[in-house]
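Colleague: Any chance you can model this:
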Amino acid sequence: MRNARANSVSPDIPAAIALQRQLAEQVKFCSLPRRLRIVAGVDVAYSHAAQRSFAVAVAYDIKQQKVLEVAQAQRQVEFPYVPGLLSFREAPVMIQAIEHLQHPPDLLLVDGQGIAHPRRCGIASHIGVTLDMPAIGCAKSRLVGKHEAVGEERGQWVDLVHHGQVIGRVVRTKRRVKPVYISVGHRADLDQAVALVLRLATRYRLPDPVHEADRLAGLLKPKG
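Modeller: Down below sits the predicted model:
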């Protein structure tokens, strides 16, 4: 799917929506790789004054529970902010950072939505399909769908439902801390996605690779 790269899309809203629907049709639901060792946590920050975006990809060893490598990228922001089309604004620089990693990841863990999106193609699905890599979305807020209240204890969860379809899960990763919204991005299984996020969320609300990517992306952007 490399011919449909996110950075090939101009700020044409109808064309972006059409491509998003095409990508959504290519999302695959399947078990995660049996030999899952390296996860790449990915996030982006902005300098609104300079109209630039700054992405960080963190290669994280699951067994050793440590960061192996950090890659970064920055580029001019070319797509306007449009609700539901954030991936066209953020995916190009995220993909650049991922491709700079010397440790090829087995899975992408993206700060954003997978199929928990109005057109079933959030940024984790967009990047996962574009690179044809297993991807999971782990977002801090809900974009669409409804859910029941989540228990206060770590590990408790409820389904996130939209138009009668389970599109993700709302998961408590820390006791009495706001939950996260987990959904399949591409080539992943929801049960396994939840289990992996809980395994990697050892200290913070977000899983460790994403927390570190979020922290470092914020440090990259110019102050002021």
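Colleague: alpha carbons only for contacts and neighbour counts from here, please
Modeller: Noted.
Colleague: Pick out the residue closest to the middle of the protein.
Modeller: V110 (2.0 Å; CA atoms, centre = their mean).
Colleague: Is there a neighbour count for the residue lying closest to H162 once chain neighbours are set aside? I'd like the number.
Modeller: Computed as CA to CA, 6 or more residues apart in numbering, the closest residue to H162 that is not its neighbour in sequence is G145, at 4.3 Å. Residues contacting G145 under the criterion other CA atoms under 10 Å number 18.
Colleague: How about the contacts made by G145?
Modeller: Taking CA atoms under 8 Å, 6 or more residues apart in numbering, we find G145 in contact with A116, L160, V161, H162, H163, I167.
Colleague: Same question for L108.
Modeller: By CA under 8 Å, 6+ apart, the contact set of L108 is V39, A40, G41, V42, A124, G128, M133, P134, A135, I136.
Colleague: With neighbour count, distance to A91 and pLDDT added, can I get those in a markdown table?
Modeller: Written out in a markdown table, the entries for those read as follows (neighbours: other CA atoms under 10 Å; distance: CA to CA, whole Å; pLDDT from 0 to 100):
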| residue | neighbour count | distance to A91 | pLDDT |
| --- | --- | --- | --- |
| V39 | 26 | 18 | 98 |
| A40 | 30 | 14 | 98 |
| G41 | 29 | 14 | 97 |
| V42 | 29 | 10 | 96 |
| A124 | 31 | 9 | 98 |
| G128 | 32 | 10 | 98 |
| M133 | 18 | 14 | 97 |
| P134 | 29 | 15 | 98 |
| A135 | 31 | 13 | 98 |
| I136 | 34 | 14 | 98 |
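Colleague: Now do the residue nearest to R169 when sequence neighbours are not counted: how many residues are near it, please.
Modeller: When the adjacent residues along the chain are set aside, R169 lies closest to D159, with 4.5 Å between them (CA to CA, 6+ apart). Counted with other CA under 10 Å, residues neighbouring D159 total 20.
Colleague: pretty sure D159 is touching H147, no?
Modeller: Yes. Because the distance of 6.1 Å satisfies CA atoms under 8 Å, D159 is recorded as touching H147.
Colleague: Mutual contacts of the two, please.
Modeller: Residues touching both D159 and H147 (CA under 8 Å, 6+ apart) are V170.
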